[in-house]
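Asks: Structure for this input, please:
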Amino acid sequence: MSKAQAPSGPLQFEIWWISLPNPVGRRPVLLLGRTPSLSYLARVFVVEVTSTIRAIPQEVLLGKREGLSRPCVANLDAVRTIPRSCLVSRVGKLAAHRHVEVKRAMGHVLHWPDLTGL
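Replies: Model prediction:
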């Protein structure tokens with residue numbers, strides 16, 4: 001895709017800062033929704049990013065290479081939809097070769113063995 005055709009706005013597997021009312025407040029999230037839907041839906045599908053690392057299959061390790069200041073995880077047990085208007089700023093993105101880690105973690109959350117390879 002040329003630069004002239006590159007999609008504007010949020011993209012699937014990007015990490016964004018969001019701002020929600022307390023108790024959530026300002027925090028990073030990983031965008032899960034399909035890129036085309038992120039431009040027109042009023043609510044977007046995200047997973048919370050946290051510095052509480054439990055090393056469970058439902059987590060995807062994130063850190064500096066994804067634009068975060070310290071080691072964190074996308075906890076797929078914490079999936080939610082949020083108003084698109086709560087997206088504040090882009091932090092970074094998950095490398096394409098790591099997208100399978102998110103799918104595998106979601107497979108564990110939903111107990112879908114065809115996604116986990118179990």
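Asks: Tell me which stretches of this structure form strands.
Replies: Taking DSSP state E, the strands of the chain run over residues 14-19, 26-31, 43-50, 59-62, 72-83, 87-93.
Asks: Select, out of those strands, the one closest to Ala105.
Replies: When these are compared by C-beta to C-beta, strand 72-83 sits nearest Ala105, at 4.2 Å. C-betas here are computed from N, CA, C, even on glycine.
Asks: Tell me which other helices or strands the closest one touches.
Replies: Here strand 72-83 touches strand 26-31, strand 43-50, strand 59-62, helix 99-110, going by 3 or more C-beta pairs under 8 Å, 6 or more residues apart in numbering; DSSP states H and E.
Asks: what about the ones you listed, which gets the closest to Ser85?
Replies: Closest to Ser85 of the helices and strands packed on strand 72-83, according to C-beta to C-beta: strand 43-50, at 9.5 Å.
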